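S.K.: predicted model follows, preceded by the sequence.
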There are 2 protein chains.
Amino acid sequence: MTEDGAAAEEAVFAPVRPPTTFEETVERLGTAIRLGLLAPGSRLPPERQLARKLAISRSTLRQALTTLTQSGHLVSRRGRAGGTFVAEEPPLAGGPGELLDEAAWAVLDYRVAIEMGAVQLAAERANAEQLSRLEELTAGMAGAEEFEEYRRFDIRFHISLAEAAASPRLVTAMTEVQGQMSDLISLIAHPTEVLTRSNDQHRRLVMLLRSGDAPGAVSLLRKHIEGTEHILAGLLPS
Amino acid sequence: MTEDGAAAEEAVFAPVRPPTTFEETVERLGTAIRLGLLAPGSRLPPERQLARKLAISRSTLRQALTTLTQSGHLVSRRGRAGGTFVAEEPPLAGGPGELLDEAAWAVLDYRVAIEMGAVQLAAERANAEQLSRLEELTAGMAGAEEFEEYRRFDIRFHISLAEAAASPRLVTAMTEVQGQMSDLISLIAHPTEVLTRSNDQHRRLVMLLRSGDAPGAVSLLRKHIEGTEHILAGLLPS
DNA sequence: GTCATAGGTGTGGTGATTACACCTTTTTCT
DNA sequence: AGAAAAAGGTGTAATCACCACACCTATGAC
């Protein structure tokens, strides 16, 4: 009883490795692009202005921009009407034979938490406008013809869920989760039947949110997530 | 529709400010001590060894240890049987008139997510041993005579929940959440009736986990958390 | 054709972090 | 008593990330 679980002790003495500002910035912008939060072709704010928003020096920001330019996420044009633009066809997931270590799979548990929390709070707080937006996104998924298009709507749907929860912190967490998920998602096939069924769940979820049925919404969401988990379970490395 | 919610955009361009290694280390160890994860009087590993575990240089670790020593969390003794020890009576919360800005309250939403996720997964995965430990902790709370003692058991209960979910990432997140919560908790009074009622919920929660009733457990937990939230709601700064 | 607005470049300085060598204190063992 | 061992305590120099700032270059709008 005086003994704590081993997991807690491990967490305390686990390696400390804060990311550098440069790394964080690449991660932030790169994720936003890969998730389609920054639309292809759209223009970023001018460097000096963006540096101020991010509260970092222009030099560091430029390091990040250079990295993302070299990786094909961004293109920059000089001159008066120039600027830094999101590439028309940004690279989607990591490289082709990307290594997926055990750590990558740990997101799944974290995802359960973030999504459940978002849905619970959305059921309590979402306003009509936010619910309409969620509905629009399900319509978008229904009309999508390629998986990539579907996936972009799907990502926005889940992030919008966090927005409907009116919690900036959950929006950040959800963005992070979706970014890490996309590596895993790219591993699996997506027959249209699966997508259709998945989108049915999205629609029913919105209905439950409309009626304020938090337990129902949470329970449905858990099932929704389990779908992905079961498919991925067959691919586990260990 | 091409417009994204404003919250997402804000999250992308929000200030980037990664903590330093020194700050992270103080935070980690300090939180562990304040939460009672490192018991008063217990001994930390020798500096060189701890530095290796944390994957940082001894110099940086020593900066953190010095800070925590000056703040009264640690004491160090020299000589062969010396070492660095957790103080017998470490300072609990932040200073007396600690400033609680709006940011401090954002934890509450994040807490909802982490706790709900932990409970859901615990209902799915917890083994008998872990459930017994949770029960022991409720017994500890029942027998506690001072609030501080109760609170220590309470913290361990919630962290053990995350351990029962078998998710290291949730353990880390839960530890972080509990650490940030403790500033808020210290703001409110705790009559014994409230604590008793709260612990009743703990016990019922364990029962639901035993029976594998995830929806029931999650729903109860949400109510459990709401209790704290409602009390705190009256103290909001804005 | 000029000027405003953008990206591109270079310099120097500061603070965080590291590696490494060495000192001091205290217990334990012979 | 004396030596060895194990711990914390100290100092130094190198490196790296980040920043502020000044300046150059390209180019579209008027």
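M.R.: Thanks, I have the structure now. Residues are numbered from 1 along each chain as shown, chains lettered A, B, ... in the order given.
S.K.: let me see the ranges of the strands in chain A.
M.R.: A:74-77, A:83-86 (DSSP state E).
S.K.: make CSV out of the ones you listed and add distance to residue B:233.
M.R.: Using the backbone N, CA and C atoms, a C-beta is placed for each residue, glycine as well. CSV is the format used below for the strands of chain A (distance: least, Cβ to Cβ, whole Å):
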stretch, distance to residue B:233
strand A:74-77, 44
strand A:83-86, 41
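S.K.: okay, those strands, which one's buried deepest?
M.R.: strand A:83-86 (a mean of 18; mean count of other Cβ atoms under 10 Å in any protein chain shown).
S.K.: quick one on the thing from earlier: select, out of the strands of chain A, the one closest to chain B.
M.R.: strand A:83-86 (11.5 Å; Cβ to the nearest Cβ).
S.K.: and DNA strand C, is that closest one touching that?
M.R.: Yes. Using Cβ under 7 Å from any atom of the strand, we find that strand A:83-86 touches DNA strand C at A:83-84.
S.K.: could you report the neighbour count for residue A:103?
M.R.: Counted by other Cβ atoms under 10 Å in any protein chain shown, the residues lying close to residue A:103 total 10.
S.K.: got it, and residue A:189?
M.R.: 7.
S.K.: can I get the strands of chain A in a markdown table including distance to chain B?
M.R.: Compiled in a markdown table, the strands of chain A are given as follows (distance: least, Cβ to the nearest Cβ, whole Å):
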| stretch | distance to chain B |
| --- | --- |
| strand A:74-77 | 14 |
| strand A:83-86 | 12 |
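S.K.: dump those into CSV; add mean pLDDT as well.
M.R.: Shown next, in CSV, are these (pLDDT from 0 to 100):
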stretch, mean pLDDT
strand A:74-77, 96
strand A:83-86, 96
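S.K.: ok, for the residue nearest the centre of chain A, nearest residue in space, not its chain neighbours?
M.R.: For chain A, residue A:178 is the residue whose C-alpha lies nearest the centre (Cα atoms, centre = their mean; 2.4 Å). Excluding the flanking residues, the one nearest residue A:178 by Cβ to Cβ, 6 or more residues apart in numbering or on different chains is residue A:155, at 5.1 Å.
S.K.: next, the contact list for the one you found, please.
M.R.: When contacts are counted by Cβ atoms under 8 Å, 6 or more residues apart in numbering or on different chains, residue A:155 touches A:35-36, A:178, A:182.
S.K.: and the pLDDT at residue A:235?
M.R.: We have a pLDDT of 74 for residue A:235.
S.K.: residues near the closest residue to it other than its chain neighbours, how many?
M.R.: Spatially, and ignoring its direct neighbours in sequence, residue A:235 is nearest to residue A:187 (6.0 Å; Cβ to Cβ, 6+ apart). Residue A:187: 12 surrounding residues under other Cβ under 10 Å.
S.K.: to residue B:125, which of the strands of chain A lies closest?
M.R.: Among the strands of chain A, strand A:83-86 comes nearest to residue B:125, with 40.7 Å by Cβ to Cβ.
S.K.: mind listing residues that contact that closest one?
M.R.: Contacts for strand A:83-86 (Cβ under 8 Å, 6+ apart): A:33, A:38-44, A:46-47, A:65, A:69, A:73-77.
S.K.: my guess is the residue nearest to the centre of chain A contacts residue A:159. True?
M.R.: Yes. Using Cβ atoms under 8 Å, residue A:178 is in contact with residue A:159, at 6.6 Å.
S.K.: common neighbours of the two, please.
M.R.: With Cβ under 8 Å, 6+ apart as the test, residue A:178 and residue A:159 both reach residue A:35.
S.K.: okay, the strands of chain A in CSV with distance to DNA strand D next?
M.R.: Output for the strands of chain A, formatted as CSV (distance: least, Cβ to the nearest atom of the strand, whole Å):
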stretch, distance to DNA strand D
strand A:74-77, 7
strand A:83-86, 10
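S.K.: flag the shaky bits of chain A, pLDDT-wise.
M.R.: A:1-5, A:93-101, A:236-238 (pLDDT under 70).
S.K.: all helices of chain A, in order?
M.R.: For chain A, applying DSSP state H gives helices covering A:6-13, A:21-34, A:47-54, A:58-70, A:102-105, A:107-125, A:128-143, A:147-164, A:168-185, A:192-210, A:214-233.
S.K.: phi, psi of residue A:15?
M.R.: Main-chain dihedrals, residue A:15, degrees, to the nearest 10: phi -50, psi 140.
S.K.: same question, the one 5 residues further on
M.R.: Comment: the main-chain dihedrals of residue A:20 come out as phi -80, psi 160, following degrees, to the nearest 10.
S.K.: tell me the contacts of the closest residue to it other than its chain neighbours?
M.R.: Excluding the flanking residues, the one nearest residue A:20 by Cβ to Cβ, 6+ apart is residue B:18, at 6.4 Å. Residue B:18 makes contact with A:18-21, A:23-24, according to Cβ under 8 Å, 6+ apart.
S.K.: same question, residue A:73
M.R.: Counting by Cβ under 8 Å, 6+ apart, residue A:73 has contacts A:29-30, A:33-34, A:86-87, A:90-91.
S.K.: mind checking which of the residues you listed are buried?
M.R.: A:29-30, A:33-34, A:86-87, A:90 (16 or more other Cβ atoms under 10 Å in any protein chain shown).
S.K.: what is the nearest of those residues to chain B?
M.R.: residue A:29 (7.4 Å).
S.K.: just to revisit the earlier point, most tightly packed of the helices of chain A?
M.R.: helix A:107-125 (a mean of 25).
S.K.: any residue of it touching chain B?
M.R.: Yes. With Cβ under 8 Å from any Cβ of the partner chain as the measure, helix A:107-125 is seen reaching chain B through A:107, A:109-110, A:112-114, A:116-118, A:120-121.
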